[in-house]
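S.K.: generate coordinates for the sequence data below:
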Amino acid sequence: MVDIKIYDDSDELINALANAIRDVSKEAIDAQGQFNFVLSGGSSPRKLYELLSSETYKNQIDWEKTWFFFGDERFVPENDPQRNSLMAKEVLFEPLNIAESRIFNIDTSGTPEEAAQRYADSIAAHFQHKPIEFDFILLGLGDNAHTASLFPNTSVLKETEATIKSVFVKEVDMYRITMTAPLINQAKKIAFLVFGKEKSEAVYQVLKDKTASVTQYPARLINSNEKKVVWYLDTAAASRL
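M.R.: Residues are numbered from 1 along each chain as shown. Model (predicted):
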């Protein structure tokens, strides 16, 4: 059974999630000398990233021992405003003066397949070609129940390898580069950040509807082990549960 935490508003939710990230980072650095943190794209995490880089939190996490990754990226040029990484750069990396050597941006030169392979290779090298277990993966949830770039009715949903794949998403008429569900599920901790009434139907289908298919509601592919996965919801997003 998945661990579901419900908060009165998004500010309370984001504070709780920032505390969780801080605690996991300390555990990881104490255990292995580094914290491997996978960021989510979209607009939802912006306030979280702003909080993590604020005076309140910037000294609570050892950023010098933190490595950053992205769960997915749009296949667009490096400075395209649609890129997930630009928002993180603006509100997290630059305020914290994070060295580029500790940010695993997705290089979208060449073909989508080449971009996915380069990203997979760089991650494998970072983990010294051992099993890849990120310390903390942050995920969002789309209105259509997609997470990362695991969209409904796409070929990547059938992927059984823990790796990076390119996928063409008809719904948005674009290639995406994404971590596969098996790779996400290998993480030590996974958190969904979801708020707003418009997400309530997707939350219900993923968490409660036993008849919902993973093809139609891809976030159902993500592990539901309560020791590993926590859903952070506000009351609006949780209103159908």
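S.K.: ok, residues contacting the lengthiest helix in the chain?
M.R.: Using DSSP state H, we find that the single longest helix of the chain is helix 10-32. Helix 10-32 is contacted from outside by 5, 7, 34-37, 47-48, 51-52, 57, 60-62, 65-66, 135-136, 138, 188-189, 191, 193, 195, 230, 232-234, using Cβ atoms under 8 Å, 6 or more residues apart in numbering. From N, CA and C alone the C-beta is placed, and that goes for glycine too.
S.K.: buried subset of these?
M.R.: 7, 34-37, 47-48, 51-52, 57, 61, 66, 135-136, 138, 188-189, 191, 193, 195, 230, 232-234 (16 or more other Cβ atoms under 10 Å).
S.K.: tabulate the CA atom coordinates of the longest helix of the chain in CSV.
M.R.: In CSV, the C-alpha atoms belonging to helix 10-32 read as follows (Å, rounded to 0.1, in the frame of the first residue of the first chain):
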residue,chain,number,x,y,z
SER,A,10,0.6,23.6,-1.4
ASP,A,11,2.9,25.6,0.9
GLU,A,12,2.5,23.1,3.8
LEU,A,13,3.0,20.3,1.3
ILE,A,14,6.2,21.8,-0.2
ASN,A,15,7.7,22.4,3.3
ALA,A,16,7.1,18.8,4.2
LEU,A,17,8.7,17.6,0.9
ALA,A,18,11.7,19.9,1.4
ASN,A,19,12.2,18.4,4.9
ALA,A,20,12.1,14.9,3.4
ILE,A,21,14.6,15.7,0.8
ARG,A,22,16.9,17.2,3.4
ASP,A,23,16.7,14.1,5.6
VAL,A,24,17.3,11.7,2.7
SER,A,25,20.3,13.8,1.5
LYS,A,26,21.9,13.6,5.0
GLU,A,27,21.3,9.8,5.1
ALA,A,28,22.8,9.3,1.6
ILE,A,29,25.9,11.5,2.3
ASP,A,30,26.5,9.8,5.6
ALA,A,31,26.3,6.4,4.0
GLN,A,32,28.1,6.9,0.7
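S.K.: the helix or strand just after that helix to helix 10-32, inter-axis angle?
M.R.: Sequence order places strand 35-39 as the next helix or strand after helix 10-32, per DSSP states H and E. Between strand 35-39 and helix 10-32, the angle comes out at 150 degrees (axes from the mean of the first three to the mean of the last three Cα atoms, to 10 degrees).
S.K.: so for strand 35-39, what's the average pLDDT?
M.R.: The average pLDDT within strand 35-39 is 98.
S.K.: what does the very next helix or strand once past that strand contact?
M.R.: Counting by DSSP H and E, the next helix or strand C-terminal to strand 35-39 is helix 46-52. The contact list for helix 46-52 (Cβ under 8 Å, 6+ apart) reads 10-11, 14-15, 17-18, 21, 39, 57-58, 61, 87-88, 91-92, 96, 138, 193.
S.K.: now, of those residues, which are buried?
M.R.: 10, 14-15, 17-18, 21, 39, 57, 61, 87-88, 91-92, 96, 138, 193.
S.K.: got the phi and psi for the residue of the chain most remote from its centre?
M.R.: Residue farthest from the centre of the chain, counting by Cα atoms, centre = their mean, is T211 at 25.5 Å. For T211, the backbone dihedrals are phi -90, psi -10 (criterion: degrees, to the nearest 10).
S.K.: now it: how far from Y217?
M.R.: For T211, the distance to Y217 equals 10 Å [Cβ to Cβ, to the nearest Å].
S.K.: centre of the chain to the lowest-mean-pLDDT helix or strand in the chain, how far?
M.R.: Taking mean pLDDT, DSSP states H and E as the measure, the chain has helix 84-88 as its least confident helix or strand, at a mean of 91. Put simply, helix 84-88 sits 12 Å off its chain's centre (Cα atoms, centre = their mean, to the nearest Å).
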